[in-house]
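> Return a 3D structure for these sequence lines:
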Amino acid sequence: MNDSLELAVELIGMNLKLVLLLAAIGLVKGLSEVRYDNYKVYNVQIEDAKQFELLNGKEKTLQLSSWREARHLGESSDFMLPPQSQQDFENLLIINHMNYTIKIDNVQSLIDAQRPRQRTGHMEWTQFHTLDEIYAWLDLIESRYPDVVTPFTIGKSYEGRPIRGIKISYKKGNKAVFIESNIHAREWITSATITYFIDELLVPRNPGVRDIAQNVDWYIIPVLNVDGFVYSHEVERLWRKSRLPSDPNGECIGTDLNRNFDYRWMMIGASDDPCSQTYAGPFAESDPEIHQLTSYINNSIPDGTIKIYISLHSYGQYVLSPWGHTADEFPEHYPQMMGVAKGFADALVRRYGTVFTYGSSATTLYAVSGSGKEWAYGVKNITIPYTIELRDKGELGFLLPPEDIIPVAREVTEGFVGMITAAREIGVL
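Numbers count the residues shown, from 1 in each chain. Here you go, the predicted model:
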């Protein structure tokens with residue numbers, strides 16, 4: 001084949017790839033938005049393990065979506081159901097003598113209340129922002145504060161989006177806090193809160209915030225699950241997982257990224273069913289978001305620099321430490337973890353009256369393995385690792401209205417000041 005013909009074939013191949021890529025993007029853009037008209041959220045009392053297993057086994061048949069699991073037997077779980085499954089669900093509860101109440105009568109009405117009538121086009125905290133808006137704001141602060149803000153990208157998501165973060169450092173030699181946010185796509189309050197906190201660190205409005213800004217380095221990824229986050233804005237508001245299609249049957253999409261870390265992966269509190277909300281993936285670090293996050297921490301941040309690791313979530317108002325895989329034993333640094341968690345929780349109660357519960361995941365909320373905080377402690381030996389679950393306690397769940405952003409963000413900022421103060425008192429920072 002001569003050179004001209006080879007070039008023509010190559011160009012045809014490139015054009016075909018471009019056409020297929022554009023077609024794929026068009027399919028995504030062409031998806032109609034999922035609506036939740038007359039979807040209800042039920043609060044169900046779970047009295048024994050048999051009831052717990054019964055409801056979990058109905059996830060597919062009743063299209064049941066778990067919002068919050070009961071902390072212990074005798075407490076309650078939150079479930080969302082579509083209209084066509086509600087009567088069967090209620091009959092199931094009645095037959096099995098399970099008490100319930102309806103917490104949210106029409107989920108779509110709360111989603112509509114979260115949508116701004118008109119987007120501002122710039123970053124502020126009276127509305128929930130898209131990934132593009134958050135990234136445009138990161139560009140702005142990187143150019144405005146070049147001596148303090150260092151941008152980083154851990155890599156690209158499955159769908160090819162950059163996963164961006166920033167390091168805020170006022171001076172050399174500081175120990176660091178690492179925060180990843182919005183690992184679960186539907187938890188919009190997390191990225192809204194952490195971007196407000198970034199703004200506070202850059203323009204401190206009180207001495208306590210100024211102190212933790214200047215004397216601690218902060219590595220922050222506002223949106224880790226970028227594909228899921230975009231999907232939750234454009235198509236399915238209550239999407240939780242990643243967008244990696246790893247189901248061999250092609251039926252379901254996505255991994256629960258907070259079950260995908262390579263520490264006691266799939267040991268407990270995770271599912272091997274690709275259609276489950278807690279699907280841990282086909283193997284540990286199967287999803288590029290988690291593989292690249294751990295690689296970045298391993299290769300780009302010197303060992304011993306990170307003293308506190310935070311995975312920011314909603315909802316429930318908890319500060320959760322390891323261990324997640326067992327309630328029968330506690331990590332070596334558990335007393336320090338509880339002391340620092342108390343500093344966070346006490347600061348919120350003192351200033352705002354907001355109550356956060358703290359303890360290990362397995363004893364305080366539920367068993368879990370393969371999560372970020374477990375990896376941070378079990379693999380990286382980071383002394384203080386937490387999952388922090390923000391407001392509320394279940395009244396609105398994942399659908400807090402925009403007017404709650406600033407109150408939540410202000411109290412979390414106060415909590416971080418208390419957390420750093422407590423960490424210093426025990427010599428962690």
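
> Mind listing residues that contact stretch 41-58?
Outside stretch 41-58, the residues that touch it by C-beta atoms under 8 Å, 6 or more residues apart in numbering are 64, 66-67, 70, 73-81, 89, 92-93, 96, 98-104, 107, 394, 397. Every residue, glycine included, has its C-beta placed from N, CA and C.

> First-to-last residue distance for that stretch?
15 Å (C-alpha to C-alpha, to the nearest Å).

> Can you list the buried residues in that stretch?
Of the residues in stretch 41-58, 41, 42, 43, 44, 45, 46, 51, 52, 55, 58 count as buried by neighbour count, 16 or more other C-beta atoms under 10 Å.

> now swap in stretch 364-376 and tell me
So for stretch 364-376, counting by 16+ other C-beta under 10 Å, buried means 364-376.

> Same check on stretch 397-412?
397, 398, 399, 400, 402, 404, 405, 408, 409, 410, 411, 412.

> my read: residue 411 touches residue 356, true?
No: judged on C-beta atoms under 8 Å, residue 411 makes no contact with residue 356 at a distance of 9.2 Å.

> Mutual contacts of the two, please.
With C-beta under 8 Å, 6+ apart as the test, residue 411 and residue 356 both reach residue 348.

> Give me the subset of the buried residues of stretch 364-376 that lies in helices.
Under the assignment DSSP state H, the buried residues of stretch 364-376 contribute 364, 372, 373, 374, 375, 376 to helices.

> now those residues as a markdown table including pLDDT?
Formatted as a markdown table, those follow (pLDDT from 0 to 100):
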| residue | pLDDT |
| --- | --- |
| 364 | 96 |
| 372 | 98 |
| 373 | 98 |
| 374 | 98 |
| 375 | 98 |
| 376 | 98 |
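
> Show me which of the residues you listed is closest to residue 125.
residue 372 (25.0 Å; C-beta to C-beta).

> after the helix or strand hosting residue 92 comes which helix or strand?
Assigned by DSSP states H and E, residue 92 belongs to helix 83-95. Per DSSP H and E, helix 83-95 leads on to strand 100-104 as the next helix or strand towards the C-terminus.

> quick check: mean pLDDT across that next one?
Average pLDDT, strand 100-104: 97.

> mind checking how far that strand is from the chain centre?
From the chain centre to the centre of strand 100-104 is a distance of 25 Å (C-alpha atoms, centre = their mean, to the nearest Å).

> now for it, which elements pack on it?
The contact analysis (3 or more C-beta pairs under 8 Å, 6 or more residues apart in numbering; DSSP states H and E) places strand 100-104 against strand 40-46.

> Parallel or antiparallel, list what pairs with the strand it packs on.
Strand 40-46 sits in its sheet next to strand 75-81 (antiparallel), strand 100-104 (antiparallel), going by DSSP bridges.

> Make TSV out of the ones you listed and add mean neighbour count.
Below are these laid out as TSV (neighbours: other C-beta atoms under 10 Å):
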stretch	mean neighbour count
strand 75-81	20
strand 100-104	15
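
> Quick check: which of those strands is nearest to residue 249?
strand 75-81 (23.9 Å).

> quick one: contacts of that closest one?
The contact list for strand 75-81, computed with C-beta under 8 Å, 6+ apart, reads 36, 39-46, 52, 55, 62-70, 89, 103-104, 107, 238, 394, 397.

> could you redo the last one with a cut-off of 6 Å?
39-46, 64-70, 89, 394 (C-beta atoms under 6 Å, 6 or more residues apart in numbering).

> Could you do stretch 202-209 as well?
For stretch 202-209, contacts defined as C-beta under 6 Å, 6+ apart pick out 145, 200, 210, 213, 417.

> Could you single out the nearest of these to residue 254?
Using C-beta to C-beta, these come closest to residue 254 at residue 200, 32.7 Å.

> Check the closest one and give its pLDDT.
On pLDDT, residue 200 comes in at 98.

> dump the residue contacts of it.
209, 413 are the contacts of residue 200 under C-beta under 6 Å, 6+ apart.

> Return the distance of it relative to residue 171.
Distance from residue 200 to residue 171, counting by C-beta to C-beta, to the nearest Å: 18 Å.

> Can you show me the CA trace of the helix or strand harbouring residue 189 as CSV?
Element membership of residue 189, judged by DSSP H and E, is helix 188-202. C-alpha atoms of helix 188-202 as CSV (Å, rounded to 0.1, in the frame of the first residue of the first chain):
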residue,chain,number,x,y,z
TRP,A,188,-24.7,17.4,46.7
ILE,A,189,-24.4,19.1,50.1
THR,A,190,-20.9,17.7,50.4
SER,A,191,-19.3,19.6,47.5
ALA,A,192,-21.3,22.7,48.3
THR,A,193,-20.0,22.6,51.9
ILE,A,194,-16.4,21.9,51.0
THR,A,195,-16.2,24.7,48.4
TYR,A,196,-17.6,27.1,51.0
PHE,A,197,-14.8,25.8,53.4
ILE,A,198,-12.2,26.4,50.7
ASP,A,199,-13.4,30.0,50.3
GLU,A,200,-13.1,30.4,54.1
LEU,A,201,-9.5,29.1,54.0
LEU,A,202,-8.6,31.6,51.3
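
> Could you list the buried residues of that helix?
Using 16+ other C-beta under 10 Å as the test for burial, helix 188-202 gives 188-201.

> just stretch 106-116 next, same as before
So, applying 16+ other C-beta under 10 Å, buried residues of stretch 106-116: 107, 108, 110, 111, 114.

> OK, contacts around the last one?
Read it as residue 114. residue 128.

> Tell me who's in contact with residue 177.
By C-beta under 6 Å, 6+ apart, residue 177 lies in contact with 216, 218, 308.

> hmm, I was thinking of residue 323
By C-beta under 6 Å, 6+ apart, the contact set of residue 323 is 360, 362.

> residues near residue 95, how many?
Neighbours of residue 95 under the rule other C-beta atoms under 10 Å: 8.

> gap between residue 99 and residue 44?
Applying C-beta to C-beta, the value for residue 99 to residue 44 is 7 Å.

> whoops, I mixed them up, residue 177
Distance from residue 177 to residue 44, by C-beta to C-beta: 37 Å.

> related to what we said a few turns ago, buried subset of the contacts of stretch 202-209 as a PyMOL selection?
A single PyMOL command is used to select the members of these judged buried by 16+ other C-beta under 10 Å:
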select buried, resi 200+210+213+417
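
> Out of the contacts of stretch 202-209, name the ones that lie in helices.
Per DSSP H, the contacts of stretch 202-209 map to helices at 200, 210, 213, 417.

> quick one: contacts for the last one?
Translated: residue 417. Contacts of residue 417 (C-beta under 6 Å, 6+ apart): 208, 212.

> can you list the residues that contact the helix holding residue 92?
38, 40, 62, 63, 81, 100.
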